[in-house]
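> for reference, the sequence and a predicted model appear below.
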Amino acid sequence: MRVGVIGATGAVGKELVEVLAKRRFPVTELCLFASTRSAGTKQKTPWGEITIEAYSLEAARNLDLALLAVSGDFAKAHARALAEAGVAVVDNSSAFRLEQDVPLVVPEVNAAAIGNHRLIANPNCTTAILVVALEPLRQAFGLRRVIVSTYQAASGAGAEGMAELERETRRVLLEGGPAGHEVFAHPLAFNVIPQIDSFQPNAYTREEMKVAWESRKIMGLPDLLISCTAVRIPTFRVHAEAVTIETERPVTPEAARAVLAKAAGVKVVDDPAAQLYPMPITATGQDDVEAGRIRANPVFGDCGLDLFLCGDQLLKGAALNAVQIAERLRLAG
Ligand SMILES: NC(=O)C1=CN([C@@H]2O[C@H](COP(=O)(O)OP(=O)(O)OC[C@H]3O[C@@H](n4cnc5c(N)ncnc54)[C@H](OP(=O)(O)O)[C@@H]3O)[C@@H](O)[C@H]2O)C=CC1
Ligand SMILES: N[C@@H](CC(=O)OP(=O)(O)O)C(=O)O
């Protein structure tokens, strides 16, 4: 397949190239696109050094598959035209996630939604990591309410977010100066920030509402009661999530552990006696979402469960999930 990665110089785009190679996606030609800023620069890839092109429909229309990792505004301006030109498009931005005619897919949960669609939306990273663990629990015990608190890495804000955390951490440690900020609302180094994206009229942030809106769509549970508090922390990679659920039927930690141990895309890491639990340091670079600290939550009687998740948001939350979707597009013909 002729494959294009659009946004190839960014945090997600670079991972997309690596994931395509790692999963031996049948690439006959790889084209890398970014903005005019990067056009002409060369990027090392498993297929050799490739020159970045400035994106244009003319240059991309001969692709079989386009993996978009640019902004929502860019996707709104270009994705449908690309799909109408016959290119299968998987979009990582939030532009189309809630559009009725565009499936929003996490293959472990709702691969069937792909059907014959040629424009597929990849979910918000926090959401993808959450639903991979929630869906098997829903199937086994039913799901009544979900409360999530997140601990999200700097790379969720893209390559510039990572660069800012590194630069400002160095500034504090080496120069003793105060940490600055441009990407984040406040200095992130040596801090945590309970704001990701803009505030909504209901006092939640947009990131928090995406977790609710998108989980409902992916899981096909439009009335699911779900509340999220999304927090940025000074790690580079992996989003962690403390999750509390109320199930419809009684649940025990042992039964939940057994369900999650069999679930695709989940790895149970839960041995408190050995101090084993999910952490960004162990989840970095891993395809599976780590699930641990599984315990009964007494607030919801025998239907309450607490767990802690760590997922590499550049992989399952973005590049890996997008390529998993593309693999199914290929199978669909
Ligand atoms: N980071 C994450 O954890 C996740 C991100 N996403 C989504 O994925 C998308 C990409 O995010 P991320 O990789 O973090 O962002 P980055 O800021 O790291 O990368 C953005 C990319 O878009 C390119 N770009 C910008 N403008 C244009 C343009 N006009 N034409 C072509 N390419 C352009 C940039 O190229 P250049 O270098 O030339 O400027 C760069 O390659 C976003 O929609 C984001 O919401 C989704 C899930 C997780
Ligand atoms: N908002 C996420 C990453 C992201 O880009 O999400 P979305 O694609 O929904 O805007 C974060 O900052 O961690």
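All right, it came through fine. Ligands and ions are numbered 1, 2, ... in the order given.
> for residue 314, which non-adjacent residue is spatially closest?
Nearest residue to residue 314, sequence neighbours excluded (C-beta to C-beta, 6 or more residues apart in numbering): residue 15, at 4.7 Å. Every residue, glycine included, has its C-beta placed from N, CA and C.
> tell me the buried residues in stretch 9-27?
9-20, 25, 27 (16 or more other C-beta atoms under 10 Å).
> run through who's touching that stretch.
Here stretch 9-27 makes contact (C-beta atoms under 8 Å, 6 or more residues apart in numbering) with 1-3, 5-8, 30, 32, 34, 38, 41, 43, 45-47, 52, 67, 69-70, 92, 155, 158-159, 161-162, 314-315, 318-320, 322-323, 326-327, 330.
> one step back: part of a helix, is the residue nearest to residue 314?
Yes: checked against DSSP: H, G, I helix; E, B strand; the rest coil, residue 15 lies within a helix.
> what is residue 227 paired to in the beta sheet?
Beta-bridge partners recorded for residue 227 (DSSP bridges): residue 147.
> what about it, neighbour count?
14 (other C-beta atoms under 10 Å).
> alongside ligand 2, which residues does the stretch 151-300 of the chain contribute?
The stretch 151-300 of the chain comes close to ligand 2 at residues 152, 156, 157, 196, 207, 210, as judged by C-beta under 6 Å from any ligand atom.
> cutoff 8 Å now
Taking C-beta under 8 Å from any ligand atom as the contact definition, the stretch 151-300 of the chain meets ligand 2 at 152-153, 155-158, 161, 196-197, 207, 210, 230, 232, 239.
> just these now: which is nearest ligand 1?
residue 158 (3.0 Å; C-beta to the nearest ligand atom).
> rewinding a little: nearest to ligand 2 among the residues of the stretch 151-300 of the chain next to ligand 2?
residue 156 (2.0 Å).
> quick check: closest non-adjacent residue to residue 279.
residue 310 (6.0 Å).
> any stretches of this protein with poor pLDDT?
330-333 (pLDDT under 70).
> alongside ligand 1, which residues does the stretch 151-300 of the chain contribute?
153, 155, 156, 157, 158, 159, 160, 161, 239.
> give me the subset of the contacts of stretch 9-27 that lies in helices.
Counted as lying in helices by DSSP state H, out of the contacts of stretch 9-27, are 158, 159, 161, 162, 320, 322, 323, 326, 327, 330.
> which among the residues you listed count as buried?
For the ones in helices among the contacts of stretch 9-27, buried by 16+ other C-beta under 10 Å: 158, 161, 162, 320, 322, 323, 326.
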